[in-house]
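Engineer: have a look at this fold, sequence not included:
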């Protein structure tokens, strides 16, 4: 459409702007880019949550097995000590070693160990907690006590999202407490 330099020139300019698609792509990117960035942040956070859940489950299972068998196996004469986490051969150190790949695991992980090496209260082993204070869990009595002792390891980890996202100072994804518990029987 050609326009002459007349009073219709303003109508001609409006028509050209309405039919032009020069800024359409830029507008689409400006609208979609924040949504894509938000989705990528959520993908990273939820992926990390699944990795943390797998590590916590593995740490509890490995520590419970070590509390019964130790490194040597069933023929071992002594039960490994429950803690502290600084003692390399302790059950708590074994659980914390499995958690080292997670962010801030040394400051946000609590390991509670209920084992015969801490003593017994009737048919229930005594418990000790290592790491920041957290919830306390009570072990069950083994159904075949006193022949068997039910040893328990609880691992609690506070998951902080690796990509913190907030909207007007409100966290879109809060920190979560993951708890895994494993009980294994040891022959007394």
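Structural biologist: Looks like it arrived, so ask away. Being a predicted model, the structure only gives us computed values, none of them experimental.
Engineer: figure out the helix or strand that residue 95 lives in.
Structural biologist: Per DSSP states H and E, residue 95 falls inside helix 91-98.
Engineer: pretty sure residue 111 is touching residue 93, no?
Structural biologist: No: assessed by C-beta atoms under 8 Å, residue 111 is found out of contact with residue 93, at 9.1 Å. C-betas here are computed from N, CA, C, even on glycine.
Engineer: so which elements touch the helix holding residue 95?
Structural biologist: Counting contacts by 3 or more C-beta pairs under 8 Å, 6 or more residues apart in numbering; DSSP states H and E, helix 91-98 packs against helix 24-69, strand 109-114, strand 148-159.
Engineer: repeat the analysis, applying 10 Å as the threshold.
Structural biologist: Helix 91-98 sits against helix 24-69, helix 105-108, strand 109-114, strand 127-130, strand 148-159, with contacts defined as 3 or more C-beta pairs under 10 Å, 6 or more residues apart in numbering; DSSP states H and E.
Engineer: output those as CSV; include the columns mean pLDDT.
Structural biologist: Formatted as CSV, these follow (pLDDT from 0 to 100):
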stretch, mean pLDDT
helix 24-69, 90
helix 105-108, 84
strand 109-114, 91
strand 127-130, 90
strand 148-159, 90
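Engineer: just these: most buried one?
Structural biologist: Stretch with highest mean neighbour count among the helices and strands packed on helix 91-98: strand 109-114 (a mean of 26; mean count of other C-beta atoms under 10 Å).
Engineer: gap between it and the chain center?
Structural biologist: 16 Å (C-alpha atoms, centre = their mean, to the nearest Å).
Engineer: I'd like the distance between the spatially most central residue of the chain and residue 135.
Structural biologist: Nearest to the geometric centre of the chain sits residue 52, at 3.4 Å (C-alpha atoms, centre = their mean). Using C-beta to C-beta, to the nearest Å, one gets 18 Å for the distance from residue 52 to residue 135.
Engineer: again, but for residue 23
Structural biologist: 56 Å.
Engineer: with residue 85 instead?
Structural biologist: Using C-beta to C-beta, residue 85 is found at 18 Å from residue 135.
Engineer: residue 154 too?
Structural biologist: 8 Å.
Engineer: now residue 162: closest residue in space that isn't a chain neighbour?
Structural biologist: residue 48 (5.1 Å; C-beta to C-beta, 6 or more residues apart in numbering).
Engineer: list the contacts for the one you found?
Structural biologist: 102, 103, 159, 160, 161, 162, 163 (C-beta atoms under 10 Å, 6 or more residues apart in numbering).
Engineer: likewise for residue 34?
Structural biologist: The contact partners of residue 34, by C-beta under 10 Å, 6+ apart, come to none.
Engineer: filter the contacts of residue 48 down to the buried ones.
Structural biologist: 102, 159, 160, 161 (16 or more other C-beta atoms under 10 Å).
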